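In: Got a sequence here, can you model it:
(one chain, ligands or ions: 3)
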Amino acid sequence: MIAPFSRRFQVLTLAAGLVAVVIAVYLTVPLLLNAYAFKDAEKMSYRWILGLSKLFDLPGTLPVYNDDEDSLLNRLLFPKQDFSAVSREVDLFDPARFEQGAHVVSLRGYTVFTQFGQRFVSGGRPVHRDLQSVRIAGAVDKVMQTGRSLSFLNSDTLASGDRIVTVMFPLLKWGRPHAVAVVDVERTALERQVFRAIQGAVTVSAALITLIALAILMGLSYLDSRRRSAESEASFLAMHDTLTGLANRRQFNLAFATALASAESTCRRLALMCVDVDDFKEVNDVFGHLAGDRLLIGVADLLKAKVGEAGLAARLSGDEFAIILPDGGSEIDVLDFGAAILEALSEPFEIDGQRITTSVSIGFAVYPEHGIDAETLNRRADLALYRAKADGRGCCRAFQADMESSIRRKRRLQKDLERAVLSNDLELHYQPQIDIASGSIIGFEALMRWTHPKDGPIPPSEFIPLAEESGSINMLGKWSIRTACLEAVGWPDPVIVAVNLSPVQLESGTLVADVKEALQLSGLDPTRLELEMTEGSLLSDTEMVIDSLAELRALGVGIAVDDFGTGYSSLSYLTRVPLTKIKIDRKFVEQLDSDRHVEAIVQAIMGIGGSLDVKILAEGVETFDQKTKLHDLGCRLVQGYLYGRPGPNPYGEGNPVGTALSDAQRRLAG
Ligand code: C2E
Ligand code: MG
Ligand code: MG
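Out: Ligands and ions are numbered 1, 2, ... in the order given. So this is what the prediction gives:
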């Protein structure tokens, strides 16, 4: 491809060439026309003198005019003429008779001078009838001496505007010049017309070509500007996030390196904040990806406005943002800034007519207290973010030294978890579910317990998220389904076992096969197995999840929604998922005594259960009051410490029926 610069250079060269051609034409055309006029004048004069010699006995004869020896150009320009055809009847001066055809000159007058410079004969309006003009006298002398014809532009008349060509022919006697015939011819309007026509044509074509060159130049500069704007767009894209317009990771890395260098040289503090939108996946699942994108744009705008010119806000990936505060101040100042961001984000976003409330978690590290290089500061701000998430989200945390030891513990536990199944460190505990109307146990929820060989018992709230993050939850989940089925098969019919599922298991693609295998291996009736999953895992309504649940339901397996009412308030999944049970979250049961609105919520959930033909169970029932209120609201199924804490297999060896149940439960179960 030719570079735009060289193309422009070519066009400019062409234009310069054109100008040169025009100038050349303007200079050469008059010269050519002069030559033409001289030649024309010569021929006409020769004819005239030839004619004259037939009327007068001139003092000499004309030399032979050899038309054939003319140059090719002359022969092309001038048709061959028969000079002998001049008749005797030529008038003394009737120029018309000698001007056959188109001529650029016309006869004006003549004089024949003898060798002594005397006028022999004269006619018409010759410029000179005698040789008083030095120039004419000199020219006549020259012709006499050389014996050759001569023609020139007669400068004696130029001042008056005449453009006369004077032609001189020697008249020979005995082969030598004996007299000189001088003929003055006038250049006619035709010559001027030809001159102007050529000038006009050249000017018009030069103007046309100049216009075309200009158009090409303009086109090229338009293309250039398009290319430049495309280039600047590309360089913008290379440094910015396309969705939010914030700086992207690349720009962030460059800016952070620069900010660190300047903080080092000016001995100033610098803060790096990691900002992550809480439960963003659920926003996407509930409101759709478009709303999710709008939410990200809203968060980005807010961060940008808060940071202003003081620092840089960047979007690093998905729902992950970062802020560089070059003059971050102390840890307290950064905490204040973080609090201001959280405060600003507490207002719900208005997206497509829906109010979406969101929160972010923020972790930060400060140079030089928490690290002096980019890698350490990034890692430590990330650790602080992890702590903010663990502390319940929607908060801002500074890096602390213990975070590194806790992350090391996390990594160690994740490794140990992978071995827990094989090393028999896992166990299922069961918590009874009661029908308060009949007072009977309808089933048990299986809850995983892990006793670490060194660290002792670790609660599921800690190890389940670790297993989900590392992926070992699939293996643990498969183990819990199989163990629950193998243990529950020894329980009295129709007591069911409810097993918790992680969203990761639902997406794994092997769930149906794992459940079928466990049922086959244990021989448990599928209707005695129930799978519990949170609202969050049901929101991502991928075909695969819905199909798997439908297949399990078709086998007879029960499907329960756990912790109902705590996720995003989308109920859309209720009709798509083949549910059999809804478990009202413990938080509602807890607030039954204190918040009267909760009663209305429970009532509404009972209504949903009635119309969808789904059983409703209340979790976390701890008091008689709660049980009584739930009963009054129509909720028959309950689970909670009031009836029994989770314990080892209630019907297992060394655990005769009911020993795992609390006294209160035994009282109620009769
Ligand atoms: P969950 O499925 O909602 O289980 C109920 C949790 O509430 C259990 O906590 C249980 O001990 C506790 N609980 C029951 N009754 C009461 C009560 O009256 N008051 C109070 N304050 N708490 C009560 P646990 O065993 O610590 O389990 C916590 C969570 O860990 C479970 O919540 C479940 O989401 C998860 N989990 C437990 N085992 C498994 C498992 O095998 N697989 C998966 N994926 N998750 C599990
Ligand atoms: Mg559960
Ligand atoms: Mg629950």
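In: burial count for residue 608?
Out: Using other Cβ atoms under 10 Å, residue 608 has 15 other residues around it. Backbone N, C-alpha and C define where each C-beta goes, glycine included.
In: show me the contacts for it.
Out: Each residue near residue 608 by Cβ atoms under 8 Å, 6 or more residues apart in numbering is listed here: 571, 574, 582, 614.
In: Residue 612 is in contact with the second one, correct?
Out: It stands for residue 574. Yes. Contact status for residue 574 versus residue 612: in contact at 6.2 Å, counting by Cβ atoms under 8 Å.
In: Have a look at the two and say which one is more surrounded.
Out: In this view residue 574 and residue 612 are compared by other Cβ under 10 Å, and residue 574 has more residues nearby, 17 against 14.
In: Just confirm that one is within a helix.
Out: Yes. Assessed by DSSP: H, G, I helix; E, B strand; the rest coil, residue 574 belongs to a helix.
In: That one: what's it in contact with?
Out: Here residue 574 is in contact with 608, 612 (criterion: Cβ under 8 Å, 6+ apart).
In: now swap in residue 295 and tell me
Out: Counting by Cβ under 8 Å, 6+ apart, residue 295 makes contact with 277, 280, 283, 287, 349, 351, 356, 358.
In: Leaving out sequence neighbours, find the closest residue to the first one.
Out: In other words, residue 277. Spatial nearest neighbour of residue 277, excluding adjacent residues (Cβ to Cβ, 6 or more residues apart in numbering): residue 319 at 3.8 Å.
In: just for this structure, where's the confidence low?
Out: In the predicted model of the chain, residues 1-8, 66-105, 158-162, 188-191, 540-541, 567-570, 654-670 satisfy pLDDT under 70.
In: Alongside ligand 1, which residues does it contribute?
Out: Neighbours of ligand 1 within the chain, by Cβ under 6 Å from any ligand atom: 431, 447-448, 459-461, 464, 477, 480, 500-502, 532, 562-563, 586, 619-622, 640-641, 646.
In: my guess is residue 388 contacts residue 400, does it?
Out: No. Counting by Cβ under 8 Å, residue 388 stays clear of residue 400, with 11.5 Å between them.
In: More neighbours: which of those two?
Out: The residue with more neighbours, out of residue 388 and residue 400, is residue 388; 25 against 14, by other Cβ under 10 Å.
In: helix or strand for the more buried one, which one?
Out: helix 374-390 (DSSP states H and E).
In: Buried residues of that helix, list them for me.
Out: Using 16 or more other Cβ atoms under 10 Å as the test for burial, helix 374-390 gives 377-389.
In: Run through the strands of the stretch 451-600 of the chain in chain order.
Out: 456-458, 496-500, 529-534, 558-564, 581-584 (DSSP state E, counting those that start in this stretch).
In: Could you save those strands as a markdown table and add columns showing distance to residue 273 and mean neighbour count?
Out: As requested, the strands of the stretch 451-600 of the chain are exported to a markdown table (distance: least, Cβ to Cβ, whole Å; neighbours: other Cβ atoms under 10 Å):
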| stretch | distance to residue 273 | mean neighbour count |
| --- | --- | --- |
| strand 456-458 | 31 | 12 |
| strand 496-500 | 35 | 24 |
| strand 529-534 | 30 | 22 |
| strand 558-564 | 31 | 22 |
| strand 581-584 | 38 | 25 |
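In: Turn these into a markdown table, including distance to residue 366.
Out: Putting the strands of the stretch 451-600 of the chain into a markdown table (distance: least, Cβ to Cβ, whole Å) gives the following:
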| stretch | distance to residue 366 |
| --- | --- |
| strand 456-458 | 32 |
| strand 496-500 | 40 |
| strand 529-534 | 37 |
| strand 558-564 | 37 |
| strand 581-584 | 44 |
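In: any chance of those in JSON lines, plus distance to ligand 2?
Out: Below are those laid out as JSON lines (distance: least, Cβ to the ion, whole Å):
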{"stretch": "strand 456-458", "distance to ligand 2": "18"}
{"stretch": "strand 496-500", "distance to ligand 2": "4"}
{"stretch": "strand 529-534", "distance to ligand 2": "4"}
{"stretch": "strand 558-564", "distance to ligand 2": "4"}
{"stretch": "strand 581-584", "distance to ligand 2": "7"}
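In: re earlier: show me what the helix holding residue 388 is in contact with.
Out: By Cβ under 8 Å, 6+ apart, the residues outside helix 374-390 that reach it are 253, 256-257, 260, 272-276, 278, 322, 361-365, 367, 370-371, 395-400, 403-404, 406-407.
In: Just those: which are in helices?
Out: Residues of these located in helices (DSSP state H): 253, 256-257, 260, 403-404, 406-407.
In: Report the buried members of the residues you listed.
Out: 253, 256, 260, 403.
In: and of the residues you listed, the nearest to ligand 3?
Out: When these are compared for distance to ligand 3 (Cβ to the ion), residue 403 wins out at 29.0 Å.
In: Give me the distance between the spatially closest residue to that closest one that is not a sequence neighbour and ligand 2.
Out: Leaving out its chain neighbours, the residue that sits closest to residue 403 by Cβ to Cβ, 6+ apart is residue 383, at 4.2 Å. Distance, residue 383 to ligand 2, by Cβ to the ion, to the nearest Å: 30 Å.
In: Over to residue 198?
Out: Distance of residue 198 to ligand 2, given as Cβ to the ion: 102 Å.
In: Return the residues in contact with the residue in the stretch 401-550 of the chain that ligand 3 sits nearest to.
Out: Closest contact between the stretch 401-550 of the chain and ligand 3, by Cβ to the ion, is at residue 532 (7.1 Å). Neighbouring residues of residue 532 by Cβ under 8 Å, 6+ apart: 445, 498-501, 560-562, 583.
In: just these that are near ligand 3?
Out: Under the cut-off given by Cβ under 5 Å from the ion, ligand 3 has residue 562 from those close to it.
In: What strand or helix carries the spatially most central residue of the chain?
Out: What sits nearest the mean C-alpha location of the chain, by Cα atoms, centre = their mean, is residue 237, with 5.1 Å. Residue 237 is part of helix 189-239 when elements are defined by DSSP H and E.
In: for that helix, packing partners?
Out: With contacts taken as 3 or more Cβ pairs under 8 Å, 6 or more residues apart in numbering; DSSP states H and E, helix 189-239 sits against helix 4-55, helix 249-266.
In: any idea how the protein splits into domains?
Out: Each domain of the chain is listed here as a residue range: 4-193, 249-400, 425-446+481-669, per automatic domain parsing.
In: which SSE is the closest residue to residue 462 other than its chain neighbours in?
Out: Spatial nearest neighbour of residue 462, chain neighbours left out: residue 413 (7.9 Å); criterion: Cβ to Cβ, 6+ apart. Secondary structure assignment for residue 413, by DSSP H and E: helix 401-420.
In: Minimum distance to residue 178: which of the helices and strands packed on helix 189-239 has it?
Out: In terms of Cβ to Cβ, the element of the helices and strands packed on helix 189-239 nearest to residue 178 is helix 4-55, at 12.7 Å.
In: ok now the helix holding residue 237, how far from the chain's centre?
Out: 32 Å (Cα atoms, centre = their mean, to the nearest Å).
In: now stretch 130-150
Out: 86 Å.
In: Pull the residues that contact that stretch.
Out: For stretch 130-150, the external contacting residues (Cβ under 8 Å, 6+ apart) are 42, 63, 113, 115, 117, 119, 127-128, 152, 155-156, 166-170, 172, 176-177, 180, 182.
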